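Fold the following, please.
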Amino acid sequence: MKNSEYWQQRFTLLEETQNKKSTEYLETLKEEYDKSLMKIEKDISNWYARIADNNEISLSNAKELLNKKELKEFKWTVDEYIEKGKQNAIKQEWIKELENASAKVHIDKLNAIKIQIQNELEHLYNKEDKGIDELVKEQYQESFYKSAYEIQKGMEQYWNIRALDTNKIQKVINKPWTTDNQTFSDRIWKHKEELTSTLQKSLTQAIIRGDKIEEVTKTIKEQFNVSKGKAGRLVMTESAFFSSAGQKECFNSLNVKQYEIVATLDTHTSKICQELDGKVFNMKDYEVGVTAPPFHCWCRSCTAPYFDDEFTQEEQRAYRDEEGKTGYVDSKMKYSEWKEKYVNSKTNTSTNNVKDDKMSKNKNEEGKDVQYIGKIDKNKIGNFRNKITTENVVLTNERLTHIKEHHPDLKDKEINYIQDVLNSPDYVFNDRKNENTVLLVKEIKENDKKYRMVLKLSTNADSTNKNIQNSVISFWNIGEKKLKQYIRNEEILYKKTRQK
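Sure, this is the predicted structure:
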């Protein structure tokens, strides 16, 4: 499997999970809108029933002052609003307005119902503000941690990462990211002001026209639906942005240099996302709306790390402990297990708790599932020569099976080139992805064919155990372009001098 295909698949699934959470919250928010609409409709219907004549109401009737009984009921209701508002941390500005309304001796019936409407909207938008705040914080953290998990899983190497600072996350969330310099909270309360003003204006105009209650509630429903649509766009766009922001921080923390745009390609995909799909950018060029999603409202595109290397998935993955030693863990490690071990724990788990390296068998087992294939020249592996106690290299039957299964295009004749590459490599590269690992590359010509074979070798010999040998991890063929990328991007430990 090519590297880019793997990352695209994994990060598309990650985006779908994040998108599902946002959609689920949006459905909950829509239910809150529907509840508030029902409450307002009920209040208006009761109000109409008390002061309307033949289901119609005049402006003069609406502006009559509340009588003593109604005023007492109103003040009791407002006191209840104030108490519930304090319990739910409603904005102090609105609490102050309610206290002022409660202190009035005279208030007309139209203003009384307007206060009821606004109070319901204050509660609705307060829930929305808190809900989106919690959602985007969760999206940011989940995107950071799950991206780190996927990258470590894909690189087949695990290490501890720092836990996110909650204060820092809150600062990121409170910082405006759009050109109008507004946060999502600013937008929410702006939407509240717009809906409040629209509903109160519509109610007044309906009274002037002498509209029936059915016509008033129809108008209010339409206006609520408009506001519900704005809430939907806000939820999906903000959650997409902060999910992307968490991923960006993760990429930078793990030293990812490039990323790729991955669009959800279906009949709903926007033109801009179609055009940007597959584009690769440097992390320094990351800019929301230009080179990174969201590119528009309801954007479903995501980013994936881009590594221009050959990628194969091992049955086991390397684990690096606090002393820099490498062991191997089960490739089926779940995200929850990874997070508990590498994020929540303060120190790495001892290598006593991980499986032994299958690629480094005891030499006494030779003939059973290990075969000796030659020696590695210490002078060709740079600083690694100071770490190994033996030049012997072995190939296990498990690794041989792995090579055949993961590189089915390799013929037995080509697999036999392993010894040629080991004995006389053209290049030896330090494998930057894996501790104590080198890549030996040799160009082999046979008849009209040319092979550029890569031998991935573990130099994981341990000075405390002379029986542990250097071992073959994998073996595959690459093209000329890939070899040039290795030369350009990897640390060269050895380069063969060409004879003139």
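
switch to C-alpha atoms for all contacts and neighbour counts from now on
Fine.

Pull stretch 87-105 out as PDB, backbone CA atoms only.
As requested, C-alpha coordinates have been extracted for stretch 87-105 and formatted as PDB (Å, rounded to 0.1, in the frame of the first residue of the first chain):
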ATOM      1  CA  GLN A  87     -28.600  29.000  38.200                       C
ATOM      2  CA  ASN A  88     -27.900  28.700  34.500                       C
ATOM      3  CA  ALA A  89     -25.300  31.500  34.400                       C
ATOM      4  CA  ILE A  90     -27.300  33.700  32.100                       C
ATOM      5  CA  LYS A  91     -25.600  36.900  31.100                       C
ATOM      6  CA  GLN A  92     -25.600  39.500  33.900                       C
ATOM      7  CA  GLU A  93     -26.900  42.100  31.400                       C
ATOM      8  CA  TRP A  94     -30.200  40.200  31.000                       C
ATOM      9  CA  ILE A  95     -30.500  39.500  34.700                       C
ATOM     10  CA  LYS A  96     -30.200  43.300  35.300                       C
ATOM     11  CA  GLU A  97     -33.000  44.000  32.700                       C
ATOM     12  CA  LEU A  98     -35.300  41.500  34.400                       C
ATOM     13  CA  GLU A  99     -34.700  43.100  37.800                       C
ATOM     14  CA  ASN A 100     -35.500  46.500  36.300                       C
ATOM     15  CA  ALA A 101     -38.700  45.000  34.800                       C
ATOM     16  CA  SER A 102     -39.700  43.500  38.100                       C
ATOM     17  CA  ALA A 103     -39.300  46.800  39.800                       C
ATOM     18  CA  LYS A 104     -41.800  48.600  37.500                       C
ATOM     19  CA  VAL A 105     -45.200  49.500  38.800                       C
END
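
where exactly do the helices run in the stretch 51-200 of the chain?
Along the stretch 51-200 of the chain, the stretches classed as helices by DSSP state H, counting those that start in this stretch are 59-62, 68-87, 92-103, 109-155, 166-174, 184-209.

Out of the ones you listed, which is the most enclosed?
Highest mean neighbour count of these: helix 109-155, a mean of 20 (counted as mean count of other CA atoms under 10 Å).

Can you tell me the SS state at Arg452?
Under the three-state scheme (DSSP: H, G, I helix; E, B strand; the rest coil), Arg452 adopts strand.

distance of it from Asn54?
Spatial separation of Arg452 from Asn54 under the definition CA to CA, to the nearest Å is 92 Å.

re the thing from before, now the helices of the stretch 51-200 of the chain as CSV including mean pLDDT and distance to Ile373?
Shown next, in CSV, are the helices of the stretch 51-200 of the chain (pLDDT from 0 to 100; distance: least, CA to CA, whole Å):
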stretch, mean pLDDT, distance to Ile373
helix 59-62, 89, 97
helix 68-87, 89, 75
helix 92-103, 90, 78
helix 109-155, 93, 27
helix 166-174, 90, 53
helix 184-209, 93, 63
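
Run through the neighbouring helices and strands of the host helix or strand of Val235.
In this structure, Val235 sits in helix 213-253 according to DSSP states H and E. Under the contact definition 3 or more CA pairs under 8 Å, 6 or more residues apart in numbering; DSSP states H and E, helix 213-253 sits against helix 3-51, helix 109-155, helix 184-209, strand 302-305.

now these as CSV including distance to Thr459?
What follows is the helices and strands packed on helix 213-253, written out as CSV (distance: least, CA to CA, whole Å):
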stretch, distance to Thr459
helix 3-51, 24
helix 109-155, 18
helix 184-209, 52
strand 302-305, 28
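
Which residues are in contact with the nearest residue to Leu164 once chain neighbours are set aside?
Nearest residue to Leu164, sequence neighbours excluded (CA to CA, 6 or more residues apart in numbering): Gln141, at 7.3 Å. Gln141 is in contact with 164, 243, 246, counting by CA atoms under 8 Å, 6 or more residues apart in numbering.

Pull the number of nearby residues for the second one.
Counted by other CA atoms under 10 Å, the residues lying close to Ser243 total 26.

right, and it touches Leu135 too?
No: counting by CA atoms under 8 Å, Leu135 is not a contact partner of Ser243; they are 10.0 Å apart.

For Lys431, grab phi and psi.
Heads up, residue 431 is Asp, not Lys. In terms of degrees, to the nearest 10, the main-chain angles of Asp431 are phi -80, psi 100.

sorry, that was for Trp177
Recorded main-chain torsions at Trp177 are phi -120, psi -10, according to degrees, to the nearest 10.

my guess is it contacts Thr183, does it?
Yes: in terms of CA under 8 Å, Trp177 counts as a neighbour of Thr183; the distance is 7.1 Å.

Find residues that contact each of these two.
With CA under 8 Å, 6+ apart, Trp177 and Thr183 have no common neighbours.

Among the helices of the stretch 51-200 of the chain, which comes closest to Met283?
helix 109-155 (15.1 Å; CA to CA).

The closest one vs helix 68-87, what angle?
20 degrees (axes from the mean of the first three to the mean of the last three CA atoms, to 10 degrees).

Now find how far off-centre stretch 152-161 is within its chain.
Centroid separation for stretch 152-161 versus its chain: 16 Å, with CA atoms, centre = their mean, to the nearest Å.

so what's Leu457 closest to, chain neighbours aside?
Here the nearest residue to Leu457 in space, its sequence neighbours aside, is Val472; by CA to CA, 6+ apart that works out to 4.7 Å.

what pLDDT does the one you found get?
pLDDT, the model's per-residue confidence, is 88 for Val472.

who touches it in this structure?
In this structure, Val472 makes contact with 359, 393-396, 399, 455-458, judged by CA under 8 Å, 6+ apart.

Check the chain and tell me which residue is nearest its centre.
Residue closest to the average C-alpha location in the chain (CA atoms, centre = their mean): Ser143, at 2.5 Å.

Distance check, that one against Glu249.
Taken as CA to CA, the spacing of Ser143 relative to Glu249 amounts to 9 Å.

sorry, back to before: the helices and strands packed on helix 213-253: which one's closest to Val172?
Between Val172 and those, the shortest separation by CA to CA is 9.3 Å, and it involves helix 109-155.

How far does that closest one sit from its chain's centre?
Using CA atoms, centre = their mean, the distance from the centre of helix 109-155 to the centre of the chain it belongs to is 17 Å.

Make sure Gly374 is actually in contact with Leu422.
Yes: under the criterion of CA under 8 Å, Gly374 is in contact with Leu422, at a separation of 7.4 Å.

Looking at Arg452 and Asn54, which has the bigger crowd around it?
The residue with the greater number of neighbours, taking Arg452 and Asn54 and applying other CA under 10 Å, is Arg452; the counts read 18 against 9.

so what's that one up against?
Going by CA under 8 Å, 6+ apart, Arg452 touches 441-444, 477-480, 483.

secondary structure element for the closest residue to it other than its chain neighbours?
Closest residue to Arg452 in three dimensions, ignoring its sequence neighbours and counting by CA to CA, 6+ apart: Glu443, at 4.4 Å. Of the helices and strands defined by DSSP H and E, Glu443 is found in strand 437-446.
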